[in-house]
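> Here is a sequence together with a model predicted from it:
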Amino acid sequence: MIYTVTFNPSLDYIVSVEDFQLGMTNRTDSELLLPGGKGINVSTVLKNLGIENTALGFTAGFTGNEIRRKVEEIGVKADFIQIREGVSRINLKLKSIDGTEINGQGPDIGKEKVEELLSRLDGLREGDVLVLAGSIPASMPDDIYKNIMKRLTGKGIMIAVDATRDLLVNVLEYHPFLIKPNNHELGEIFDAEIKTREEVIPYARKLQEMGACNVLVSMAGEGAVLAASDGSCHMAPAPKGNLVNAVGAGDSMVAGFLAGWMEKKDYVHAFHMGIAAGSASAFSEYLAKREEIEAVYQTI
């Protein structure tokens, strides 16, 4: 079974405003209200590819109830821990101005709730897959990813981590199966500016030297790079298509890679599935469906 963890899930209110003006009343041209958070996005694309999985994390209040309802509506098993106080966040994403969003804070998560999650993770068995994705609320310890991986060491669980800076670097000693920084996040780790696929390779290798098994680096319009645990390195340009909505493209890449690996245990296939899923979501209004991913895969 695949499990994803989203520590701070959200309701994503994705809107388009044709001529947005500051200080004025603006009216939307289109609206979407969807369950959000990187782990939930991974769960959604996995389900779209026909892979059953369970979404873990924390929810609170009426927005938390709606997140749970929408996740179950997609067909993903929702096993969220309910927080009694506060509400899960609402994130406003202005689709017509690329990259513009306002993200909420989310509820405070107490130590007892963190322990409850850890107890659930203790139930994972050999052969299971765990995806740790996204930021954590300010109320949680900043070494939570590291503590989870330390706790699960030796149990034969394949772990993928999609996080930034210290959250990512601190888990490397526990040898995650997959990490997926983008080129900007990779540059932040090493205080470098990385613009080309070729420039990615030495830094991806450094992350492997620090403990990562497979390093998948997304580069938006420049494509992607995979430094694989068998010593091979793969590069590919971005598939051609019209960018519609970049929200969740990186999460889709993680889902596609895992789906491809589980299908054939082949790095080239997994890499291409990751690129196809990420690009198909970028070309879609929402996270890509299976047929959209397969169509892009054929072009790689």
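Noted; the coordinates are in hand. Residues are numbered from 1 along each chain as shown.

> Now do the domain split for this structure, please.
In the assignment given by automatic domain parsing, the structural domains of the chain cover 1-164, 177-300.

> Of the ones you listed, flag the one that's most buried.
When neighbours are counted by mean count of other C-beta atoms under 10 Å, the highest per-stretch mean among the domains of the chain falls to domain 177-300, a mean of 20. Heads up, the C-betas are built off the backbone N, CA and C, glycines and all.

> still on that earlier bit, out of the domains of the chain, which comes closest to Asn170?
domain 1-164 (4.4 Å; C-beta to C-beta).

> Between its first and last residues, how far does that closest one reach?
In terms of C-alpha to C-alpha, to the nearest Å, the two terminal residues of domain 1-164 are separated by 25 Å.

> and that domain, what's its mean pLDDT?
Model confidence over domain 1-164, given as mean pLDDT, is 92.

> what's the spacing between that domain and its chain's center?
In terms of C-alpha atoms, centre = their mean, to the nearest Å, the centre of domain 1-164 is set 9 Å apart from its chain centre.

> Helices of this structure, start to end?
Chain-ordered helices for the chain, with DSSP state H as the definition, fall at 38-48, 61-74, 111-121, 144-152, 165-169, 183-190, 197-209, 249-264, 267-282, 290-297.

> Including distance to Glu31, could those helices go into TSV?
Listed next are these as TSV, based on distance: least, C-beta to C-beta, whole Å:
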stretch	distance to Glu31
helix 38-48	19
helix 61-74	14
helix 111-121	32
helix 144-152	34
helix 165-169	32
helix 183-190	29
helix 197-209	37
helix 249-264	20
helix 267-282	19
helix 290-297	22
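
> of all these, which lies closest to Gly104?
Evaluated with C-beta to C-beta, the helices of the chain place helix 61-74 nearest to Gly104, the distance being 8.8 Å.

> got a list of contacts for the closest one?
Outside of helix 61-74, the residues within contact range by C-beta atoms under 8 Å, 6 or more residues apart in numbering are 9-11, 33-35, 40, 43-44, 47, 55, 58-59, 78, 80, 82-83, 86-90, 107.

> wait, Cys233 sits on Ile201?
Yes: the pair Cys233 / Ile201 is scored as a contact, 5.9 Å apart, by C-beta atoms under 8 Å.

> Give me the common contacts of these two.
Each of 225, 227 lies in contact with both Cys233 and Ile201 under the rule C-beta under 8 Å, 6+ apart.

> List the contacts of the nearest residue to Leu32 once chain neighbours are set aside.
Nearest residue to Leu32 in three dimensions, chain neighbours excluded: Ile14, at 4.2 Å (C-beta to C-beta, 6 or more residues apart in numbering). Ile14 makes contacts with 31-34, 93, 95, 245, 247, as judged by C-beta under 8 Å, 6+ apart.

> Out of the residues you listed, list just those in strands.
Cross-referencing these against strands under DSSP state E gives 31-34, 93.

> which one of those sits closest to Arg290?
Proximity of these to Arg290, judged by C-beta to C-beta, is greatest for Leu34, which lies at 18.0 Å.
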